[in-house]
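**Student:** the amino acid sequence is not available; the structure is as follows:
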């Protein structure tokens, strides 16, 4: 069971932030998505399980957009 959890965490989206005190949210959640530009998104529980915690996050529009923005910042002014 520990190995499965470690593998699952290794596949998880790097922008996924676990929630420690879920009573802070209107709807209980296990995690939220925080992008480098500061945007915060709270995916549905099914989305977290099926996309965010798997390698499927690699085709997530928000993930790809954040990577593009980070690459543009790294390239500097044109």
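**Tutor:** Received it, and whenever you're ready, just let me know what you need. This structure is a prediction, so every number in the text was calculated from the model and none was measured.
**Student:** quick one: residue 75 and residue 39, what's the gap?
**Tutor:** Distance from residue 75 to residue 39, counting by Cβ to Cβ, to the nearest Å: 21 Å. C-beta: built from backbone N, CA, C; applies to glycine.
**Student:** what of residue 68?
**Tutor:** 14 Å.
**Student:** ditto for residue 66
**Tutor:** For residue 66, the distance to residue 39 - Cβ to Cβ - is 8 Å.
**Student:** what about those two, which has more around it?
**Tutor:** Between residue 66 and residue 39, residue 66 has the larger neighbour count (other Cβ atoms under 10 Å), namely 20 against 12.
**Student:** show the backbone phi and psi for that one.
**Tutor:** phi -60, psi -40 (degrees, to the nearest 10).
**Student:** thinking it is in contact with residue 34, fair?
**Tutor:** No. Look at residue 66 against residue 34 with Cβ atoms under 8 Å: they stay out of range, at 9.9 Å.
**Student:** what residues are shared contacts of those two?
**Tutor:** residue 15 (Cβ atoms under 8 Å, 6 or more residues apart in numbering).
**Student:** who does the residue nearest the centre of the chain form a beta bridge with?
**Tutor:** By Cα atoms, centre = their mean, the chain has its centre lying nearest to residue 16, at 3.0 Å. Here residue 16 sits in beta bridges with residue 33, as judged by DSSP bridges.
**Student:** for this protein, where's the lowest mean pLDDT among helices and strands?
**Tutor:** Lowest by mean pLDDT, DSSP states H and E among the helices and strands of the chain is helix 2-11, with a mean of 55.
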